[in-house]
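>>> let's see this in three dimensions:
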Amino acid sequence: MSVLDNKKISFIGGGNMAQALISGLVSCGTEPSLITVADPSSDIREQLAAKGLNTVDPTADATAAVVDADIIVLAVKPQVMKAVIGAFADALNTQLVISVAAGLSTQMLSDMLNGYSNIVRAMPNTPAMIQMGATGLYGTDDISTEQKQLATAVMEASGLVMWVENEAHMHAVTAVSGSAPAYMFYFIESMVDKGIALGLDTEQASALALQTMIGAAKMALNSDEAPAELRRKVTSPNGTTQAAIESMQANDIGRQIGEAMQACYDRSGALSKEMSQ
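As a prediction, the model looks like this:
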């Protein structure tokens, strides 16, 4: 039995992230008939209706998707959030509201919802689209233990979930996982480019780099040892791996990664401040 059994879930916005979360929920056993999506695009509504989901045109009825819902997932762009959710704020009662919009604090969302505060803020990442995501969650003091369990179940359908107790730590979540798939893609891109320069063809370099990234991540995930120890164990003295690691250390790659993450963290904070003005 799941805490989501018989719970009605409404998505405000039916874009890529919403569809990724919906796919995860359905894969984990949620009945499509329990899911409603409000989106102004008739194409998106038709596409989702064909999968057995309920759809609503919010321009015709702004409250239709929320009045009977147990959980409401806000999946629209931050720039249009206020206009979209303000239209149904008065229809909220005890529903759990989960926002996946970057940069919008729970206080900002509460203000947009006329003081409503049963809110959880989520920071997923793009691998949620293949149910391999990593999501940070923060909830206001007003959410119940049951609602926290509901939020966990919704986001766990698409991958790993971690709660933070301080909302300011959501900027760190952004730096560590929210934006991090791009870091991984950049590293893979660089490996492939150099592999080609060293004589491999594109298919060979891509396949080897991608499989190595997957394999290393799974080894680290399944090991009781820290990544630093795993690295040490595969670095034979005076061998090829040591030559590569020494080059990275000489170029202070670790510091550069840290600086990149700090830039992400700082920009996340700046965006939140900009949106609050």
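>>> starting at the chain centroid, how far to the longest strand that the chain contains?
In the chain, assigned by DSSP state E, the strand with the most residues is strand 133-139. Centre-to-centre, strand 133-139 and its host chain are 7 Å apart (Cα atoms, centre = their mean, to the nearest Å).
>>> ok, now stretch 200-212?
That offset, for stretch 200-212, works out to 27 Å (Cα atoms, centre = their mean).
>>> average model confidence for that stretch?
For stretch 200-212, the mean pLDDT works out to 98.
>>> which other residues reach that stretch?
By Cβ atoms under 8 Å, 6 or more residues apart in numbering, the residues outside stretch 200-212 that reach it are Ile188, Met191, Val192, Asp193, Gly195, Ile196. All C-beta atoms are positioned from the backbone trio N, CA, C, and that covers glycine.
>>> report the buried members of those.
Among the contacts of stretch 200-212, those scoring as buried are Ile188, Met191, Val192, Gly195 (criterion: 16 or more other Cβ atoms under 10 Å).
>>> JSON lines please, covering the residues you listed and showing secondary structure.
Formatted as JSON lines, the buried ones among the contacts of stretch 200-212 follow (DSSP: H, G, I helix; E, B strand; the rest coil):
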{"residue": "Ile188", "secondary structure": "helix"}
{"residue": "Met191", "secondary structure": "helix"}
{"residue": "Val192", "secondary structure": "helix"}
{"residue": "Gly195", "secondary structure": "helix"}
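>>> ok, the longest strand of the chain: who's next to it in the sheet?
strand 119-123 (antiparallel), strand 159-163 (parallel) (DSSP bridges).
>>> how about the first one as PDB, C-alpha atoms only?
The C-alpha trace of strand 119-123 is given here as PDB (Å, rounded to 0.1, in the frame of the first residue of the first chain):
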ATOM      1  CA  ILE A 119       3.600  24.300   0.800                       C
ATOM      2  CA  VAL A 120       6.600  22.100  -0.100                       C
ATOM      3  CA  ARG A 121       9.300  23.500  -2.300                       C
ATOM      4  CA  ALA A 122      11.100  21.000  -4.600                       C
ATOM      5  CA  MET A 123      14.300  21.200  -6.600                       C
END
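>>> for that strand, the distance to its chain's centre please.
With Cα atoms, centre = their mean, you get 10 Å for strand 119-123.
>>> ok, and what's touching that strand?
So strand 119-123 is in contact with 96-100, 102, 104-106, 109-110, 113, 135-140, 142-143, 147-148, 151, 155, 167, 170, 173-174, 177-178, going by Cβ under 8 Å, 6+ apart.
>>> state the mean pLDDT of it.
97.
>>> if we can go back for a sec, from the contacts of strand 119-123, keep the buried residues only.
By 16+ other Cβ under 10 Å, the contacts of strand 119-123 give 96-100, 102, 104-106, 109-110, 113, 135-140, 143, 147-148, 151, 155, 170, 173-174, 177-178 as buried.
>>> show me those that map onto strands.
With DSSP E as the criterion, strands contain Leu96, Val97, Ile98, Ser99, Thr135, Gly136, Leu137, Tyr138, Gly139 from among the buried ones among the contacts of strand 119-123.
>>> pLDDT and distance to Asn251 added to these, as CSV?
Shown next, in CSV, are these (pLDDT from 0 to 100; distance: Cβ to Cβ, whole Å):
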residue, pLDDT, distance to Asn251
Leu96, 97, 47
Val97, 97, 46
Ile98, 98, 42
Ser99, 97, 40
Thr135, 97, 33
Gly136, 97, 31
Leu137, 98, 36
Tyr138, 98, 36
Gly139, 97, 41
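>>> contacts for stretch 29-46 next, please.
Contacts of stretch 29-46 (Cβ under 8 Å, 6+ apart): 2, 4, 6-15, 18, 22, 25-26, 48, 51-59, 64-65, 69, 157.
>>> and the helix or strand Met275 falls within, C-alpha only, in CSV?
For Met275, the host element (DSSP states H and E) is helix 253-276. The C-alpha trace of helix 253-276 is given here as CSV (Å, rounded to 0.1, in the frame of the first residue of the first chain):
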residue,chain,number,x,y,z
ILE,A,253,40.6,20.8,-10.9
GLY,A,254,39.0,20.2,-7.5
ARG,A,255,39.2,23.9,-6.7
GLN,A,256,37.8,24.8,-10.1
ILE,A,257,34.8,22.4,-9.6
GLY,A,258,34.2,24.0,-6.2
GLU,A,259,34.3,27.5,-7.7
ALA,A,260,31.8,26.5,-10.4
MET,A,261,29.4,25.1,-7.7
GLN,A,262,29.9,28.3,-5.7
ALA,A,263,28.9,30.4,-8.8
CYS,A,264,25.8,28.2,-9.2
TYR,A,265,25.0,28.7,-5.5
ASP,A,266,25.5,32.4,-5.7
ARG,A,267,23.3,32.8,-8.8
SER,A,268,20.6,30.7,-7.2
GLY,A,269,20.5,33.1,-4.3
ALA,A,270,20.6,36.1,-6.6
LEU,A,271,17.7,34.8,-8.7
SER,A,272,15.6,34.3,-5.6
LYS,A,273,16.2,37.9,-4.5
GLU,A,274,15.4,39.2,-8.0
MET,A,275,12.1,37.4,-8.0
SER,A,276,11.2,38.7,-4.5
